[in-house]
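In: Got a predicted structure plus its sequence, pasted below:
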Amino acid sequence: MAGRTLLVFICIFMFLPGARAELSEQKTALIQQLFPSATVIEDKLADFPVYPVYQLQELLGFAYESVDLSALQGFAGKPISMLIGLDTRGRFTGVKVLHHHEPVFLHGLGEAPLFEFVDQYEGRSLREQIIINTSNTGGSGRAADNNDTVYFDGVSKATVSVLIINDTVLSSALQVARSKLEGFAQAAATKAKTDFFQPLSWQQLLERGYIGQWSLSHEEIESELGRPLADYPRDFGDTNEGPFTQLFFGYINSPMVGRNLLGDDAYKKLIEKLDPDVQVMIVMSRGAFPHVSPNFIPGSNPQRLSLKQNGLAVEMRDLNISAEDLNLQAAGMPDLAAHNFFRVGGSAGFSPGADATIDFNIELSRNHLVKDRVVMEVPVRFNGDLFETVDVSSLVMNEREPVWVGLWKQRWWQITIVLIALTVLTVFFARQKTFSRYPKLVHRFRWGFLFFTLFFIGFFAQGQLSVVNIYTLFIAIWDGFSLNVFMLDPIIFILWIYTFISLFIWGRGLFCGWLCPFGALQEMSAWLGEKLGLRQIKVPEHWHRRLILIKYPILIGLVGTAFYSLTLAEKLVEVEPFKTSITLFFVRHWPFVVYAVGLLVIGMFIHKFYCRYLCPLGAGLAIIGRLRLFSWLDRVDLCGSPCQHCKNACGINAIRKDGRIDYDECIQCLECVVILNDEQQCVDKRVQNKKHRRQANILATDASHP
């Protein structure tokens, strides 16, 4: 009886729809595109989430969905889902985007640039180091100066998204390769012994193999090139003194190496600065041809060097800390031409106790057109006494530096400028009562800052905040908050932190009036409208009070829709013209351009029309801004009764008839503060001055007639 019951259950299971793994017809067709010669595509394996692909009995490779192996979130707070093909030799057969919520591709640039970007992976190998060329120059998939590094074209205005895609593709593919492919097994995991140290000189470090060295003479390089170095006058002239090049390299994480090279204090400072899983190799060189070129950019990957271990390209990225107080001080050190601290590892990881190689790319110019190139293989092997074996399971699977860290390093100078500008703005606002006594200074500063906001923060640094950031935050909190998502764009992150803090001090006006690029653009369109003599429309008070409420339902609708359908919310958020005007410079499908330009044209007649009545971001900031701690804008007894000067001068009608400031609408332009401190404009000041003059005259008259 039990046997019959079991048989019935087996039959039911076999014939139930969907009882097998979710290999749908659509997914099968996509996998077939990744492996055109496939004849058999099996269901997802139970032990590892991949689809084996065969041609008859021969295994061609594996297809898999990136979300099964990587939970890295995209710019919109959701993972980018991709179907990836990997053959048995570790080469990508292709990448197909299944689903994503990246705003710049969905309703900005369109998806064509996204598909063109992922097409670059086809035919590339996991044994190559793939670097995204964020400057967007050079050919697609072009080889770099060494054989194992390939540069991919990035996508202008979508740098964050493509870096996330690259990180997802490489890290997930490496997991598949190490689990299912031969020749990709990870080297024995080792780490530096933290208690292994004794003071040693430079020569002792070399003799004991704690620091590796490799040398190339002039005669040897001439033999490799097949011609004398005199044929390369642009690089060397006629010098033959010293070695052509001599490399030294050491594993800084080892106290034996790091403490002897840097000294105890500097070594401790460096280790405390680094994350626990960061591995650092120092490369030093002397001679006519150092390991980095004269135009090497600190913080980037070295074009003359590439590190390999177990056949995989290992990422090397300069830490850009050579300029800090980290002077090399081992006794007996030779004069060096250059030294750099490189973070090593990346997706491939790095085991310092295992053998590795450095490919040293030597490229010399005979003239402006002809270059000769030689790649020398430099063995990297350190004394095993420096390391101890560790359990692989105890290590972090992915030692790759978080995407946002590289982005912050890359944009350090933009970050510096923005931080300086925010500091200046903070000082100006904190001392606004003092500065407002000088109307010309206030007006010039304001217009200068608006130009900075529009052209640097907006057009150049792409620092336009959006209501998208608000509902992305809510979704992230709902799904499991991760700060990494919000740190992907350093300028946006800094502006949001500053804006959030300023809401409790000044209210929404500091952002809306000074730091919003589209708001600055509206100010300029309003100024242009006045200069052209266009009739300025004053919205009647009773209509104005109703219209300013429209933006709140828009905000609630967008946030609510995001929880119901993020795709629908991404379409509805086009009520914001920011993407069209600021992100894409009005280069977009004509309906979006007409809408954005139309708002600016309306703003030439009705001052900051969009900000006042439609902006959901402004509505959200106004709600939080009600929690502000201070009311900075002074009022006097005559304000509103009878004086209406400030109200009439307020372009966005944020002053009520009774003289009160409506902080929910105020953009902190400080015009009313200037008026209150102006002896000629403020009625109260004029009345007080008139009283003082009258009293002075009375006193003068009394003094002349004792």
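Out: Received the coordinates, thanks.

In: roughly how far is stretch 433-447 from the heart of the chain?
Out: Offset of stretch 433-447 from its chain centre (Cα atoms, centre = their mean, to the nearest Å): 35 Å.

In: which residues touch that stretch?
Out: Phe428, Trp514, Asp634, Cys669, Leu670, Val673, Val674, Leu676, Asn677, Asp678 (Cβ atoms under 8 Å, 6 or more residues apart in numbering). Placement of C-beta: from N, CA and C, glycine included.

In: residues near the closest residue to the last one other than its chain neighbours, how many?
Out: With Cβ to Cβ, 6 or more residues apart in numbering as the criterion, Asp678 has its nearest non-adjacent residue at 6.3 Å, and that residue is Pro439. Applying other Cβ atoms under 10 Å, we find 18 residues neighbouring Pro439.

In: would JSON lines of the contacts of stretch 433-447 with distance to Ile130 and neighbour count be doable?
Out: Output for these, formatted as JSON lines (distance: Cβ to Cβ, whole Å; neighbours: other Cβ atoms under 10 Å):
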{"residue": "Phe428", "distance to Ile130": "46", "neighbour count": "18"}
{"residue": "Trp514", "distance to Ile130": "41", "neighbour count": "26"}
{"residue": "Asp634", "distance to Ile130": "59", "neighbour count": "13"}
{"residue": "Cys669", "distance to Ile130": "49", "neighbour count": "22"}
{"residue": "Leu670", "distance to Ile130": "51", "neighbour count": "25"}
{"residue": "Val673", "distance to Ile130": "55", "neighbour count": "21"}
{"residue": "Val674", "distance to Ile130": "56", "neighbour count": "24"}
{"residue": "Leu676", "distance to Ile130": "60", "neighbour count": "21"}
{"residue": "Asn677", "distance to Ile130": "60", "neighbour count": "21"}
{"residue": "Asp678", "distance to Ile130": "62", "neighbour count": "15"}
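
In: how about those in TSV, adding pLDDT and secondary structure?
Out: Below are those laid out as TSV (pLDDT from 0 to 100; DSSP: H, G, I helix; E, B strand; the rest coil):
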residue	pLDDT	secondary structure
Phe428	92	helix
Trp514	94	helix
Asp634	69	coil
Cys669	86	coil
Leu670	83	coil
Val673	80	helix
Val674	82	helix
Leu676	77	helix
Asn677	76	coil
Asp678	71	coil
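
In: Widest-spaced pair of those?
Out: Trp514 and Asp678 (21.3 Å; Cβ to Cβ).

In: Domain-wise, how is the protein divided?
Out: Annotated domains of the chain cover 24-180, 190-400, 411-633 [automatic domain parsing].

In: All the strands of the stretch 201-350 of the chain, in order from the start?
Out: For the stretch 201-350 of the chain, the strands defined by DSSP state E, counting those that start in this stretch occupy 212-216, 245-251, 279-286, 305-309, 312-318, 338-345.

In: any chance of those strands in TSV, plus distance to Leu328, mean neighbour count and mean pLDDT?
Out: Listed next are these as TSV, based on distance: least, Cβ to Cβ, whole Å; neighbours: other Cβ atoms under 10 Å; pLDDT from 0 to 100:
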stretch	distance to Leu328	mean neighbour count	mean pLDDT
strand 212-216	15	17	94
strand 245-251	10	24	94
strand 279-286	8	23	93
strand 305-309	19	23	87
strand 312-318	16	24	83
strand 338-345	6	21	89
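
In: that's a strand at Asn361, yeah?
Out: Yes: with DSSP: H, G, I helix; E, B strand; the rest coil as the criterion, Asn361 is located in a strand.

In: just to revisit the earlier point, now distance to Pro642 too, for the domains of the chain, in TSV please.
Out: Below are those laid out as TSV (distance: least, Cβ to Cβ, whole Å):
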stretch	distance to Pro642
domain 24-180	50
domain 190-400	62
domain 411-633	17
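
In: What segments of the stretch 351-500 of the chain are strands?
Out: 356-365, 371-380, 387-389.

In: Of those strands, give the one that comes closest to Glu570.
Out: So among the strands of the stretch 351-500 of the chain, strand 356-365 is nearest, using Cβ to Cβ, at 44.2 Å.

In: Kindly format the C-alpha coordinates of the closest one as CSV.
Out: Extracted C-alpha coordinates of strand 356-365, given in CSV (Å, rounded to 0.1, in the frame of the first residue of the first chain):
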residue,chain,number,x,y,z
ALA,A,356,52.1,34.8,-8.6
THR,A,357,53.6,36.7,-11.6
ILE,A,358,53.8,40.4,-12.6
ASP,A,359,53.6,41.1,-16.3
PHE,A,360,55.8,44.1,-16.8
ASN,A,361,54.8,45.9,-20.0
ILE,A,362,57.7,47.8,-21.6
GLU,A,363,56.7,50.0,-24.5
LEU,A,364,59.3,52.2,-26.2
SER,A,365,58.8,54.7,-29.1
